[in-house]
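K.L.:
The sequence isn't on hand, but the structure is:
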């Protein structure tokens, strides 16, 4: 009995220590910056932040600056270790090294330059070693070394020597404190350091921080003696199990996170977070992601993120983040399912099921405890479900019920089970179904136990996605086959139907069925679809298509507030319906960190949303996530110009919190590289930038995560580079503007244009006189050209007239040829007629000889006589000569006039010759022999007086009348 009581007492005594040693189940992200990343020394001794949000760090190799994207090192003139820094007004950053103190401030080009103040120190005090603390207090700056405190004000430095050795300098509750090993804590007032207490209570141990504790109380942390509390004028040791444990770890640095929590950096055990009551809130060491256990400096920035200067490296803790990481049992198993049951959190991973008790805290990530593995669950866990107040486990090895942290099988097979769903909404449900590797299994509930009763016949598909609608129909989706609807018939048997593309689904692949707001929905590659009972087919959901569009949806889950969480590709977002107008909020911090293909979201309440990850789980405090929206700010951090070499145009630092009005750039530097950043260190994954260069392109660029822009071959002109940033909620920052002027080349300057103007006037004057002279010459030339043109014009007229005459002659010739053709036809007709008459006469003469009757012979001779009469022939000749004269310009008339003695037969012969008829044709026409024609031609020559050398035809052709009567 006594031994039992001793054991219980030991457990009770051990319990607070155990609780104190336990960490929270959820931890914020820790980002490690190794020496290689920031490019400076191993150790970082002090950290601070200026008004623009830029972080500054005192490092072994100088002062570091970090804006969330770019690191930069600023060395002291003597290249010594920087131990302390302090941003102040006028954009000065005071820094102290070994035998060096002063401040960095922006130069003309926006680069930080160091201004030493050691010349203001009396010569006998200029060998002072390291400057360990710098404090800006009211209108002065104080620098602490071990032997002296320097006060810089009004461009002069006063010196305060240590009674023994200064170990601390800092401000708390608007009072300037210092610590000396001999006199203890001192306050500065009226240019004097005065001891706060009559006796030194603190042992000779360095004071590392003095922090406000609320209600006019003060915490004093020491390196090896723990923490002291100053309240009501009394300074005493502050004890708690956590503080007593931390004391051995050596508190090297400390800062307040908020009014209730303080961060203590230790030499041996990383960072410890305590509340003002001395309770351990959280701890960070190498096991929680730190690079080193020895914390030399700690700083809480404007967003309450924690920066740690380590003995080797720099760490950033997104301490105020609404997203925490949960790693059950400190293993890297993927998170598949989670459930809270009877004040315990159960998490299913690829390595098994783990549980941890939960404390009554609003944000469960701050619940402390250690995960333990549930017995008999090693291996792949798929799903958890609570049916009839019993926690059920879907495992690769079958179905289990969790009882007293042990898994007990409830299925009679070892086939894997995905999920559980009660068939009734009335508690307790008498029957439930389990989605398994091979169909649906039914379980009956009897005597507080689930008993398998059989499967749905014919359904052998893997049933990982199961939903039951309000009518009791079971919906099952298979990512590669389609969607099944399983309905119970009147006879009690179950019948299934497969829905594919033919039934309205956009594709047979990648369909996932979910129950949202008591409605069965299908997440597809083309958005969310709903079932149309009247048409027995699936149709696009009007509401979700309007809210989410037709993008692919892989997962849907409704939280307790009616918000719809969904996953598109590998990106997480939520359709927030808490306000009157739904809002789409994306959570880019978790993009590509969830378990692809096995996404899981478990919303407990607005402060606790569990999300399965590739490694463990994430816990999102959604209410805090929506509220934790810092003011957006964007900074232009560097502007370089380059051609064959680089030159910094603007170094990113400004003296009066505004960018210079305008920089002038030679035209030879037409290429620019601009870098920008936003110092929202806990929200960098949520930020996107947009920019434009006014004067070159007035349109804003697409939103991008890139923080640099390059412009090449810019022409001369005035430009304004503008950049802005927005977060995942759509909020945008004010625009940062950098103006510059690319100067024109010398030949485009004002003086050049003035010379151009003078040259232009001289040119105009010369051109005027040259134009007058040219005009005169052109007038003379014009007159000559006009004369020539008139001459040419007359030639053209003559040519035209000649051509017209030629055309008329050609026309007349055509008409003559036509008339000649007619005359020739008539002549041939006369020839044929003469031949016919001659033939008739000859025939009649033969007939006369053959006829004996005299009377008949008399008649025939009479006929021959008639045929031989010339009267008719004369009429034909008259007709012929009339037409012949029309064609040949009164040839017959002219020939009679010239040769009055010419006979009619000679006229006929002349006409026939002019027509160029043959001798034979003429003989026939004139009813004479060919010899007669030759004789007549000879006689005609004689009468016309033509010698034998002259061609008779040519002579006749030369005879022309006074004009042609031909038409």
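P.N.:
Received the coordinates, thanks. Bear in mind the structure is a predicted one, so any value in this text is a computation, not a measurement.
K.L.:
okay, CA-based contacts and neighbour counts for the rest of this
P.N.:
Will do.
K.L.:
which residues sit against the biggest strand by length in the chain?
P.N.:
Ordering each strand of the chain by length in residues (DSSP state E) puts strand 717-726 first. Applying CA atoms under 8 Å, 6 or more residues apart in numbering, the set of residues contacting strand 717-726 from outside is 632-634, 678, 687-696, 732-744.
K.L.:
Show me what the next helix or strand after it is packed up against.
P.N.:
As assigned by DSSP states H and E, the chain's next helix or strand after strand 717-726 is strand 736-742. Using 3 or more CA pairs under 8 Å, 6 or more residues apart in numbering; DSSP states H and E as the contact definition, the elements that strand 736-742 packs against are strand 635-642, strand 663-665, strand 717-726.
K.L.:
now for the next helix or strand after strand 736-742, which elements pack on it?
P.N.:
Using DSSP H and E, the helix or strand that follows strand 736-742 in sequence is helix 750-850. Counting contacts by 3+ CA pairs under 8 Å, 6+ apart, helix 750-850 is packed against helix 854-868, helix 871-887, helix 919-926.
K.L.:
between those, which has the poorest average model confidence?
P.N.:
Mean pLDDT across the helices and strands packed on helix 750-850 is lowest at helix 871-887; the value there is a mean of 62.
K.L.:
just checking, next helix/strand downstream of that one?
P.N.:
By DSSP H and E, the next helix or strand past helix 871-887 is helix 891-898.
K.L.:
Spell out the residue ranges of the strands in the stretch 401-550 of the chain.
P.N.:
With DSSP state E, counting those that start in this stretch as the criterion, the stretch 401-550 of the chain has strands at 406-409, 417-422, 431-436, 439-446, 449-455, 465-468, 474-478, 482-488, 494-499, 512-516, 519-524, 527-532, 537-540.
K.L.:
The last one pairs with which strands?
P.N.:
Using DSSP bridges, the strands paired with strand 537-540 are strand 527-532 (antiparallel).
K.L.:
List the contacts of the partner strand.
P.N.:
Contacts of strand 527-532 (CA under 8 Å, 6+ apart): 505, 520-523, 537-541, 544-545, 548-553.
K.L.:
how about 6 Å then?
P.N.:
Contact with strand 527-532 is made by 521, 522, 537, 538, 539, 540, 541, 550, 551, 552, 553, as judged by CA atoms under 6 Å, 6 or more residues apart in numbering.
K.L.:
between those residues, which is closest to residue 436?
P.N.:
Nearest to residue 436, judged by CA to CA, of the contacts of strand 527-532 is residue 522 at 19.7 Å.
K.L.:
residues near the closest residue to the closest one other than its chain neighbours, how many?
P.N.:
Using CA to CA, 6 or more residues apart in numbering and skipping residues adjacent in sequence, the residue nearest residue 522 is residue 513, 4.4 Å away. Look at residue 513: counted by other CA atoms under 10 Å, it has 29 neighbours.
K.L.:
Residue 513 reaches residue 538, doesn't it?
P.N.:
No - at 11.8 Å, residue 513 does not count as touching residue 538 under the criterion of CA atoms under 6 Å.
K.L.:
what about the helices in this protein?
P.N.:
Along the chain, the stretches classed as helices by DSSP state H are 2-21, 35-38, 241-247, 542-548, 622-627, 750-850, 854-868, 871-887, 891-898, 904-914, 919-926, 930-944, 952-958.
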